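1. Predicted coordinates and the sequence they were generated for:
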Amino acid sequence: MRKPALCFVLALTLALALAPAAFGQQVSGGDYLVELGPICPATENPDGSFSGGHGFPLYVGDGAYRLELGVLPDPVIPGNALSVHTGFGAEAFYYICEAEMNFRVGDTRIRPRLTLAVEAAYGAEDPLNGDQFLFVRTRFRMDTPAVGQYTVRHPWGTEVFQVVDTEAELVGDNYYLLADGINFTYDWGGFAPLCPDLTPCVFGSQAPGFERIMLSPKQGPFLVQTGFPGNTGLLGDGNPATITGSPVNQNYFRVEGPTDANLNGAGGNIIETTLFTVNGRIWTGGDCPNIVTPPPPPPPPPGEDTVTVDRARYNPRNGKLEIRATSALGLLPMTAEWFNSAGVSLGSGDLSPKGRQTFDVPFVNIATMPATVVVRTQTGVSEPFPVTVNPAPR
């Protein structure tokens with residue numbers, strides 16, 4: 001039985017709240033996903049096995065790159081013939097770009113996480129031929145230590161959330177109260193093949209039905225890891241690195257909270273990272289594949305790191321701040337941030353691979369020099385370390 005025509009947000013994940021939040025419309029965006037390849041149909045054989053393709057478009061394009069399906073696939077589901085044929089389980093990605101921050105606030109962790117992706121999945125989750133669903137995802141999650149407004153700036157746009165102390169409820173068409181902080185997922189796409197049954201089709205692309213992905217209010221071009229693709233055939237290698245390609249000049253992930261939010265553990269209400277993991281494989285031509293060949297599994301994430309600041313000395317004569325720190329796991333990058341006595345961030349920078357660096361941070365006098373330093377790695381953050389004067393004042 002053919003599904004009715006669907007052009008809607010498939011899933012807007014809203015968990016129920018201890019500290020609910022309200023979501024406001026995206027500030028910026030645009031039409032960037034402009035091209036889909038032909039559908040690679042999967043054919044069920046009399047014995048229940050499958051031949052042909054995976055049932056999704058051959059590629060998704062943003063005008064600069066055409067990406068094929070197959071990065072970060074879920075494991076094959078044993079006993080599911082379609083999953084065994086395609087080489088992945090409930091979902092796989094054409095493209096995924098993620099960023100995460102990690103801050104210690106007292107005994108708790110603040111770990112905002114951002115996901116921007118183009119994903120292939122199934123309406124009922126388990127692989128079922130004819131139930132293929134293609135969508136573009138914007139997801140943001142974090143615990144919120146204080147009520148008030150949170151502004152999230154990311155490479156595809158800006159989102160505004162209002163965390164309130166009320167019971168969870170839906171307000172109007174655009175505001176949703178969330179759970180345990182902000183837990184926001186916006187998925188937009190379509191099933192296929194619906195378009196042959198509709199008059200007229202939306203765009204008349206090569207992938208009817210799936211083309212509804214191009215109507216998503218929240219989308220952007222494929223962001224690219226700095227230094228890629230070169231001749232790698234990839235938009236990134238899955239390791240944390242800087243990126244290029246934001247259409248709104250925001251090649252960073254920033255959270256701006258209420259003034260009393262203390263998001264960084266040192267009194268600051270603004271936290272930011274420019275490091276993203278990017279996964280996307282460029283289509284190099286050819287017909288539909290028989291299966292998606294999963295890439296080798298990524299290495300396991302590092303465990304929790306212990307970061308120790310060994311030295312933080314400021315020279316008021318030349319405005320030099322010398323910092324030395326140690327990562328127990330030897331993780332890089334190590335990023336230092338320095339604060340004044342009120343806990344307001346005065347600046348940040350990366351340490352060298354040896355865990356040391358001297359920064360130019362000229363201040364007017366000793367009274368306005370940095371008071372403390374915090375150093376972070378991917379999975380660890382140091383305690384605030386006091387800055388001493390070198391040479392000592394006379």
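-> Looks like it came in fine.

2. Against residue 186, how distant is residue 131?
-> Noted for residue 131: a distance of 21 Å to residue 186, by Cβ to Cβ, to the nearest Å. Every residue, glycine included, has its C-beta placed from N, CA and C.

3. How about residue 276?
-> If you measure residue 276 against residue 186 using Cβ to Cβ, the figure is 19 Å.

4. Mind checking which of those two has more residues around it?
-> Counting neighbours by other Cβ atoms under 10 Å for residue 276 and for residue 186 shows that residue 276 has the greater number, 26 against 22.

5. where does the more buried one fall, phi/psi-wise?
-> Here the main-chain torsion angles of residue 276 (degrees, to the nearest 10) amount to phi -130, psi 160.

6. what is it paired to in the beta sheet?
-> Per DSSP bridges, residues listed as beta-bridge partners of residue 276: residue 241.

7. which residues does residue 351 contact?
-> Residues in contact with residue 351 (Cβ atoms under 8 Å, 6 or more residues apart in numbering) are 323, 325, 333-336, 357, 375.

8. who touches residue 267 in this structure?
-> 339, 342-344.

9. so residue 387 sits right up against residue 374, yeah?
-> No: under the criterion of Cβ atoms under 8 Å, residue 387 makes no contact with residue 374, lying 11.1 Å away.

10. Neighbour count: those two, which is higher?
-> residue 374 (26 against 22).

11. Within the helices and strands, which one has the more buried one?
-> Taking DSSP states H and E as the criterion, residue 374 maps to strand 372-376.

12. Could you pull out the helices in the stretch 151-300 of the chain for me?
-> For the stretch 151-300 of the chain, none of the segments meets the definition of helices by DSSP state H, counting those that start in this stretch.

13. how about the strands in it?
-> 157-163, 170-171, 175-176, 182-191, 224-225, 243-244, 253-256, 270-273, 277-282 (DSSP state E, counting those that start in this stretch).

14. Which strands border the fifth one, and is each parallel or antiparallel?
-> It refers to strand 224-225. strand 243-244 (antiparallel).

15. circling back to that earlier point, need the max-distance pair from the contacts of residue 351.
-> 323 and 333 (13.3 Å; Cβ to Cβ).

16. The two: which is more packed in?
-> Using other Cβ under 10 Å as the criterion, residue 323 and residue 333 rank with residue 323 on top: 26 against 16.

17. for the more buried one, helix, strand, or coil?
-> Using DSSP: H, G, I helix; E, B strand; the rest coil as the criterion, the local structure at residue 323 reads strand.

18. Isn't it up against residue 375?
-> Yes: with contacts defined as Cβ under 8 Å, residue 323 counts as touching residue 375 at a distance of 7.2 Å.

19. any shared contact partners between those two?
-> Residues touching both residue 323 and residue 375 (Cβ under 8 Å, 6+ apart): 309, 336, 351.

20. which residues are in contact with both of residue 387 and residue 374?
-> Counting by Cβ under 8 Å, 6+ apart, the common neighbours of residue 387 and residue 374 are residue 338.

21. Could you list the low-pLDDT ranges of this protein?
-> Within the chain, the set of residues satisfying pLDDT under 70 comprises 1-31, 165-180, 192-208, 289-299, 362-367, 391-394.

22. Residue ranges of each domain in it, please.
-> Each domain of the chain is listed here as a residue range: 8-282, 307-389, per automatic domain parsing.
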